[in-house]
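>>> Have a look; sequence and predicted model below, questions after that.
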Amino acid sequence: MMHPILLPINETGGRWSHGPRSLLLLVMLLASVPAVEANLQRITTHPARDWDPDWSPDGVTLVFTSDRTGHDLLYTVPSGGGAEEPLTHGNLADYHPCWSPDGETVAFDSHRSGNQDVWIVSREGGEPDRVTIDPHRDESLDWCALGERIAFDSNRSGDWEIWTISPGGGDATRLTRQAGVDIQPAGSPDGMLLLFASSRDGGNMDMWTMPVGGGAATQLTAGAELEIEGAWSDDGEWIAFVSDRSGNWDIWVMPSAGGDARQITVDPATDSSPSWSPDGSRIAFTSNRTGDDEIWVVTLSTEGVCPPTGERELRLGSEGNPFRDRATVWFELPTPQVIAADVYDALGRRVAPLAAGPFPAGAARLTWDGTGSSGLPVPGGTYWVQVRGVRTRGSMTLTRLP
């Protein structure tokens, strides 16, 4: 959530407003930036406000907030447009939805407890579970550490700082302790870093990164402009963010290690809340360019815009497959990285986690004993293992004999 005390805009329940723009500035802007507006697709068309999209890990679905019932609730829509379905219900206030790395749940912040806290709901809907319990405001969240933690900003220390907590709740860990404001954390795909917006450089909001467990922060942007709402590309090599450096709130991208930024959207309206597609070729965002806040998608294939990111196929092999008691999956990593590996059934439901954590470069082996997350044996049948890393992904089937 934007913090109005810091920004030259107003926000009410997630909606941005903007004042008059200079026609001369707009003409100069359009003349100096590559034309990407032709690659836009409007996803939602409801007369209500739709904002804060987040792309599902499989690229199929966008989750977002809408006030179309008169209350701010979560909805889903196919990423190419289509029927919109409610995910949460009631006369509540749910904001900032974000998919878990495995796509099974959505975390969000909500006032449904009478206080702004972090909650989790199944991708199928149902009754959400409360994660944080604190009388202060916990909001603007994202998954990090490959789904092992949820990062959020909170004023529970008296200042807006970055905190993390287990998805199952418990004690929260404070990561930042600097003067100024640290908000809007976003976890890197490899589980190692958090991207966040901060005014610790003396007053301006800029993009920074820090280790996911806390530590020294690295500044990515600097200047008189305001940069907020950072988002990682799926390979971790790019970030998208919202900036007023053009004189207007637009979407920009830059290398995650630092470097020159490229403007992506060009419109006198306000564009905000970027979210990358898993293949890196598109960015979903919020825009009021039609007069209402709606969900839009821009394709990044235009010359002069950063190229789509890609993944390297991770080749998997197995030993003891088919199996009754245990099977071993092996693969080789090109670089040291954080890996997440899970077993799924034929319907795509996660059956059991195999690994989540850092692995060295070279050969790696994982063993599955045929039990599910409950610890009980799963029925005989065909299952598939998916291994995800930094710009690497691979899968293969395992057959458990009855």
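It's in. Here the structure is a predicted model, which means the values were calculated and not measured.
>>> quick one: contacts for E229?
Taking Cβ atoms under 8 Å, 6 or more residues apart in numbering, we find E229 in contact with 184, 197, 241-242, 272-274. Quick note: C-beta positions are derived from backbone N, CA and C, even for glycine.
>>> Chain neighbours aside, what residue packs nearest to it?
Distances taken as Cβ to Cβ, 6 or more residues apart in numbering place V242 nearest to E229, at 4.4 Å, with adjacent residues excluded.
>>> just for the stretch 301-402 of the chain, where's the confidence low?
For the stretch 301-402 of the chain, applying pLDDT under 70 flags the ranges 301-312, 348, 390-391.
>>> again, 80 this time
For the stretch 301-402 of the chain, applying pLDDT under 80 flags the ranges 301-313, 335-340, 346-350, 356-358, 388-393.
>>> For it, which segments are assigned as strands?
312-313, 317-319, 327-333, 337-344, 350-359, 362-368, 381-388, 392-400 (DSSP state E, counting those that start in this stretch).
>>> need the ones you listed in a markdown table with distance to D159 and mean neighbour count, can you?
A markdown table is the format used below for those (distance: least, Cβ to Cβ, whole Å; neighbours: other Cβ atoms under 10 Å):
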| stretch | distance to D159 | mean neighbour count |
| --- | --- | --- |
| strand 312-313 | 41 | 12 |
| strand 317-319 | 51 | 15 |
| strand 327-333 | 40 | 18 |
| strand 337-344 | 30 | 22 |
| strand 350-359 | 31 | 16 |
| strand 362-368 | 42 | 15 |
| strand 381-388 | 35 | 18 |
| strand 392-400 | 38 | 17 |
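>>> possible to save those as JSON lines with distance to F152?
Below are the strands of the stretch 301-402 of the chain laid out as JSON lines (distance: least, Cβ to Cβ, whole Å):
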{"stretch": "strand 312-313", "distance to F152": "32"}
{"stretch": "strand 317-319", "distance to F152": "39"}
{"stretch": "strand 327-333", "distance to F152": "31"}
{"stretch": "strand 337-344", "distance to F152": "21"}
{"stretch": "strand 350-359", "distance to F152": "20"}
{"stretch": "strand 362-368", "distance to F152": "31"}
{"stretch": "strand 381-388", "distance to F152": "23"}
{"stretch": "strand 392-400", "distance to F152": "27"}
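>>> which stretch among the ones you listed comes nearest G202?
Taking Cβ to Cβ, strand 337-344 is the member of the strands of the stretch 301-402 of the chain nearest to G202, at 33.3 Å.
>>> Just give me the neighbour total for the residue nearest to E229.
If you count neighbours by other Cβ atoms under 10 Å, V242 ends up with 27.
>>> what's the answer for the one 3 residues further on, then?
By the other Cβ under 10 Å criterion, the neighbourhood of R245 contains 16 residues.
>>> how about it, what does it touch?
Neighbours of R245 in contact, by Cβ under 8 Å, 6+ apart: 223, 225, 227, 252, 261.
>>> Which pair in the residues you listed has the greatest spatial separation?
Within the contacts of R245, two members stand farthest from each other by Cβ to Cβ: G223 and W252, at 12.3 Å.
>>> mind listing the helices for this structure?
Secondary structure of the chain (DSSP state H): helices located at 23-32.
>>> Tell me who's in contact with L74.
If you count contacts by Cβ under 8 Å, 6+ apart, L74 has them with 63-66, 86-88, 94, 97, 106, 108, 121.
>>> oh, I was asking about G394
For G394, the contact set (Cβ under 8 Å, 6+ apart) comprises 313-316, 331, 386-387.
>>> Out of these, which is nearest to D50?
Nearest to D50 among these: Q386, at 31.1 Å, using Cβ to Cβ.
>>> Can you name the residues bridging to that closest one?
Beta-bridge partners of Q386, counted by DSSP bridges, are D342, S395.
>>> Could you list the low-confidence segments of the protein?
1-39, 201-203, 301-313, 335-340, 346-350, 356-358, 388-393.
>>> Correct me if wrong: R315 contacts F331.
Yes: using Cβ atoms under 8 Å, R315 is in contact with F331, at 6.5 Å.
>>> per the record, what domains does this protein have?
11-299, 312-400 (automatic domain parsing).
>>> winner for burial among those domains?
domain 11-299 (a mean of 19; mean count of other Cβ atoms under 10 Å).
>>> how far does that one sit from the chain's center?
Relative to the chain's own centre, domain 11-299 is displaced by 7 Å; criterion: Cα atoms, centre = their mean, to the nearest Å.
>>> Thought I150 was touching D138, still the case?
No: if you go by Cβ under 8 Å, D138 and I150 don't touch, sitting 9.6 Å apart.
>>> hey, what's in contact with both of these two?
Counting by Cβ under 8 Å, 6+ apart, the contacts common to D138 and I150 are V118.
>>> Pull up the gap between E225 and F241, please.
Note on E225: its distance to F241, by Cβ to Cβ, to the nearest Å, is 11 Å.
>>> likewise T44?
From T44 to F241 the distance is 22 Å (Cβ to Cβ).
>>> All the strands of the stretch 1-150 of the chain, residue numbers only.
Along the stretch 1-150 of the chain, counting by DSSP E, counting those that start in this stretch, strands occupy 11-12, 15-16, 40-42, 50-55, 61-66, 73-78, 85-86, 94-99, 105-110, 117-122, 125-130, 138-144, 149-154.
>>> got TSV for those strands, with distance to D267 too?
Compiled in TSV, the strands of the stretch 1-150 of the chain are given as follows (distance: least, Cβ to Cβ, whole Å):
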stretch	distance to D267
strand 11-12	19
strand 15-16	13
strand 40-42	9
strand 50-55	16
strand 61-66	19
strand 73-78	21
strand 85-86	28
strand 94-99	23
strand 105-110	28
strand 117-122	33
strand 125-130	34
strand 138-144	24
strand 149-154	28
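>>> R177: which of these is closest?
Taking the strands of the stretch 1-150 of the chain one by one with Cβ to Cβ, strand 149-154 is closest: 12.9 Å.
>>> Just the residues contacting the closest one, thanks.
107, 109, 118, 131-132, 134, 136-144, 160-167, 172, 175, 182-187, 194, 196, 212.
>>> what angle separates it from strand 94-99?
Between strand 149-154 and strand 94-99, the angle comes out at 150 degrees (axes from the mean of the first three to the mean of the last three Cα atoms, to 10 degrees).
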